[in-house]
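Chemist: attaching a predicted model along with its sequence, questions to come.
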Amino acid sequence: MRKARSVLITGASSGIGRALALAFAEPGTRLALVGRNATRLAETAEAASAKGANVEQVILDVRDRDAMRLWIEAADRAHPFDLVIANAGITTGLAMDALAEEPDAVRAILATNLVGVLNTVEPLITPMCARRQGQIAFIGSMAGLRGLPYSPAYCMTKAAVHAYAESLRGRLARHGVQVSLAIVGFVKTPLNDSITAIKPFEISDARAAELIKAGLARGRAIIAFPWPLFAAAWLGRLVPARLYDLIMGRIEANVPETNERLS
């Protein structure tokens, strides 16, 4: 099993990102934590430091390509990363009586969940390949396996992240860099708490972080949990489209529209 010693985590202010920071925090580990909420990020950094980790916290917006590139490149030169976790993300969706998502909200989630992921990993591909070591981890979702009628844009971003991770994996393996994709079900976080829907097999963010950390240490290409939900979602891809749409269309869910907008 491989132990990461220099780890970059985006979206570390809360939810899975915060839980991952605490899961990796231990003596001898250096954590670079990226987030936008200064107060919550400082709380995460303090908790991780209390567990013995050497912690650097930085307020950055993953949508800002130039700022992300400049900081990541400088941080990697000072303390080369052996693991980057592209975790930062937001959600948006439809109320039960809505027909289409607000266009500005759709573009905001694209900027964070997709472009933000690119801004996180692109600066590290070349240096990791040059070192012939490193690991790139993406936090995906069951929603990326097949579209859900109550959150079209969110599903689109996660499906794109899945495809990007799968494409990079085969390309970078020959250069000694591992690529892992976590396909996550319902995790109890502030983000998911805002969603009104049935949430089968929901687990805590701490448990999710444990599963992701263990999978990364083993170098797994896919880290999917919970398995019953993953199996159901995978099998759902084999169901005829009209039948799938009929079944999913009867599920009541209310996913609040994000307040995020492109500035």
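Modeler: Yep, it's here.
Chemist: show me what contacts residue 59?
Modeler: For residue 59, the contact set (Cβ atoms under 8 Å, 6 or more residues apart in numbering) comprises 35, 36, 38, 41. C-betas here are computed from N, CA, C, even on glycine.
Chemist: who touches the host helix or strand of residue 170?
Modeler: Residue 170 is part of helix 152-173, with elements assigned from DSSP states H and E. Outside helix 152-173, the residues that touch it by Cβ under 8 Å, 6+ apart are 86, 89, 91-94, 101, 105-106, 109-110, 113-114, 117-118, 121, 125, 128-129, 136, 138, 140-141, 143-148, 178-181, 183, 221, 255.
Chemist: 6 Å - rerun?
Modeler: Contact with helix 152-173 is made by 91-92, 101, 106, 109, 113-114, 117, 138, 140-141, 143-144, 147-148, 179, 181, 221, as judged by Cβ atoms under 6 Å, 6 or more residues apart in numbering.
Chemist: now the buried members of the contacts of residue 59.
Modeler: Neighbour-count burial (16 or more other Cβ atoms under 10 Å) applied to the contacts of residue 59 gives 35, 41.
Chemist: hang on, the earlier thing: out of the contacts of helix 152-173, which sit inside helices?
Modeler: Among those, the ones falling in helices (DSSP state H) are 106, 109, 117.
Chemist: so the second one touches residue 92, yeah?
Modeler: Yes - Residue 109 is within contact range of residue 92, at 5.0 Å (criterion: Cβ atoms under 6 Å).
Chemist: now do the buried residues in the least confident helix or strand in the chain by mean pLDDT.
Modeler: Ranking every helix and strand in the chain by mean pLDDT, DSSP states H and E puts helix 190-193 at the bottom, with a mean of 84. For helix 190-193, a neighbour-count test (16+ other Cβ under 10 Å) marks 191, 192 as buried.
Chemist: now stretch 155-170
Modeler: In terms of neighbour count (16+ other Cβ under 10 Å), stretch 155-170 has its buried residues at 155, 156, 157, 158, 159, 160, 161, 162, 164, 165, 168, 169.
Chemist: okay, the residues you listed in TSV with pLDDT next?
Modeler: As requested, those are exported to TSV (pLDDT from 0 to 100):
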residue	pLDDT
155	97
156	98
157	98
158	98
159	98
160	98
161	98
162	98
164	98
165	98
168	98
169	98
